[in-house]
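[1] pasted the sequence and its predicted model underneath.
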Amino acid sequence: AGVHTTGYVPAVTLRQDGIEIHTAQLTLTGPFAELLRTVEALERDLAGCRLRTAEWATVAQPRTRRPQLVLTLHIQQLTLITEPK
């Protein structure tokens, strides 16, 4: 409700001893209350993932120059590496 995804960057940030850590940078915009509800839902519902950082910022919208709230999340998931036999 009013929250929009403006960016998504997936990456494997560690590969060691049979595990990988997958990190996703997710950028959202919207009203503060709705962004906060989204963070709460992600923390509750993303099984096997952990929210590592949440960075809040305001930026001017390109066309209107009105301030816009931006939330950048870093979400990590630990994955076992399974080699095909």
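    The structure has been received and is ready for your questions.
[2] looks to me like Glu34 is in a helix.
    Yes - counting by DSSP: H, G, I helix; E, B strand; the rest coil, Glu34 is found in a helix.
[3] the chain should start at 20 in everything you say after this.
    With 20 as the first residue, the last one maps to Glu53.
[4] if I pick it, what's in contact with it?
    20-22 (CB atoms under 8 Å, 6 or more residues apart in numbering). For glycine as for every other residue, the C-beta is placed from the backbone atoms N, C-alpha and C.
[5] pLDDT, neighbour count and distance to Pro86 for those - can I get that in CSV?
    Output for the contacts of Glu53, formatted as CSV (pLDDT from 0 to 100; neighbours: other CB atoms under 10 Å; distance: CB to CB, whole Å):
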residue, pLDDT, neighbour count, distance to Pro86
Ala20, 71, 8, 20
Gly21, 91, 11, 15
Val22, 96, 14, 16
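[6] please identify the helix or strand for the residue lying closest to Thr91 once chain neighbours are set aside.
    The shortest distance from Thr91 to any residue other than its chain neighbours is 4.5 Å, reached at Glu74 (CB to CB, 6 or more residues apart in numbering). Secondary structure from DSSP states H and E places Glu74 in strand 68-79.
[7] please enumerate the strands of this structure.
    23-35, 38-48, 68-79, 86-99 (DSSP state E).
[8] mind listing what the last one pairs with, with the direction of each?
    Yep, that's strand 86-99 we're talking about. Applying DSSP bridges, strand 86-99 is found paired with strand 38-48 (antiparallel), strand 68-79 (antiparallel).
[9] what bridges to the spatially closest residue to Ala73 that is not a sequence neighbour?
    Once flanking residues are discounted, Ala73 sits nearest to Leu92: 5.6 Å by CB to CB, 6+ apart. Taking DSSP bridges as the rule, Leu92 bridges to Leu45, Ala73.
[10] surely Leu92 is in contact with Leu45?
    Yes - Leu92 lies in contact with Leu45 (CB atoms under 8 Å); the separation is 4.6 Å.
[11] ok, now how distant is the nearest residue to Arg69 once chain neighbours are set aside from Pro86?
    Leaving aside its chain neighbours, Arg69 sits nearest to Gln95 (5.3 Å; criterion: CB to CB, 6+ apart). Per CB to CB, to the nearest Å, Gln95 is found 30 Å from Pro86.
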